[in-house]
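Enquirer: What would the 3D arrangement of this be:
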Amino acid sequence: MGRSEIVRVEGLEKIYGYGRNALRVLKNVSLGISRGEIVSIVGPSGAGKSTLLNIMGCLDGFQAGNLVIKGRDVSSFSVEDLSDFRNLHIGFIFQLHNLLPEFTALENVMFPLLIRRMGKRQTRARAMEMIDRFDLADRSHHKPSELSGGECQRIAVARALIGGPEIILADEPTGSLDSENSRKLIDILFDLGKEKSTTIVIVTHSGEIAGKTERTVTLVDGEIRTDVKNGGAPGGGEEGPI
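Expert: Numbering: from 1, shown residues only. The predicted structure is shown next:
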């Protein structure tokens with residue numbers, strides 16, 4: 001039996017600006033993603049990859065089309081409902097870790113659960129358990145400025161996963177890392193995703209990373225050019241930009 005669909009965009013149109021200055025970034029994009037599927041979105045710079053990811057994550061609006069997540073048309077949600085929905089169901093990982101500089105690694109990972117008003121003792125215990133999965137327990141009380149780039153990004157992934165989201169959206173999460181740290185981060189992320197049957201959508205320029213996903217969607221000039229199944233096995237694909 002096939003997996004059920006968790007995200008569906010249909011006829012999506014995104015335009016920035018008005019009149020002669022209008023820029024059509026996404027053009028009639030339709031895409032379905034199944035529960036537990038690991039999908040890469042690739043394409044040249046300016047193709048609309050990050051815009052599509054932000055829309056799927058309820059961070060950006062659109063002019064036409066539909067966005068359905070977990071069977072719900074989220075375009076009708078209020079701002080407050082969208083915020084609650086994101087916090088419960090979606091985790092984000094960005095190219096720049098976006099950690100809060102004044103807080104420790106542990107406090108950064110705790111943040112999503114504190115927003116849910118979970119008790120501090122339980123939140124701390126769950127955050128420490130997650131940090132330990134990333135082999136950073138001894139760095140948990142350091143602030144981002146005291147951590148390496150690779151450590152910061154692992155903490156950012158731990159923060160994205162702490163709430164048990166059903167969907168992880170990652171926008172060039174290894175763009176600022178060297179090859180070794182990039183491979184480690186992706187292996188941990190994908191392993192945890194498969195363990196929890198989490199849906200992962202990752203925007204990347206790396207052929208090596210795209211080759212590790214189950215499916216690759218190529219976006220060119222705001223349109224889906226190809227949508228192909230991959231082997232999805234660790235080490236698959238070829239290293240290099242896409």
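Enquirer: Report the central residue of the protein.
Expert: For the chain, residue 169 is the residue whose C-alpha lies nearest the centre (Cα atoms, centre = their mean; 1.5 Å).
Enquirer: and the nearest residue to that one once chain neighbours are set aside, what does it touch?
Expert: Residue nearest to residue 169 in three dimensions, not counting chain neighbours: residue 57, with 4.7 Å by Cβ to Cβ, 6 or more residues apart in numbering. Heads up, the C-betas are built off the backbone N, CA and C, glycines and all. With contact taken as Cβ atoms under 8 Å, 6 or more residues apart in numbering, residue 57 is in contact with 86, 90, 92, 169.
Enquirer: Give me the subset of the residues you listed lying in helices.
Expert: residue 86 (DSSP state H).
Enquirer: For the contacts of residue 57, give me TSV that also has distance to residue 161.
Expert: Converted to TSV, those look like this (distance: Cβ to Cβ, whole Å):
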residue	distance to residue 161
86	14
90	11
92	11
169	12
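Enquirer: ranking the contacts of residue 57 by neighbours, who comes first?
Expert: Neighbour counts for the contacts of residue 57, by other Cβ atoms under 10 Å, peak at residue 169, which reaches 27 neighbours.
Enquirer: I'd like to know how many residues surround residue 128.
Expert: The burial count assigned to residue 128 is 16, neighbours taken as other Cβ under 10 Å.
Enquirer: what secondary structure does it sit in?
Expert: Per DSSP: H, G, I helix; E, B strand; the rest coil, the secondary structure class of residue 128 is helix.
Enquirer: And it, how far from residue 16?
Expert: 42 Å (Cβ to Cβ, to the nearest Å).
Enquirer: Residue 228 now?
Expert: Between residue 228 and residue 16 the distance, using Cβ to Cβ, works out to 29 Å.
Enquirer: wait, what's in contact with residue 97?
Expert: 144, 149, 152, 153, 155, 156.
Enquirer: Checking it next. Helix, strand or coil?
Expert: coil.
Enquirer: Great, nothing more from me.
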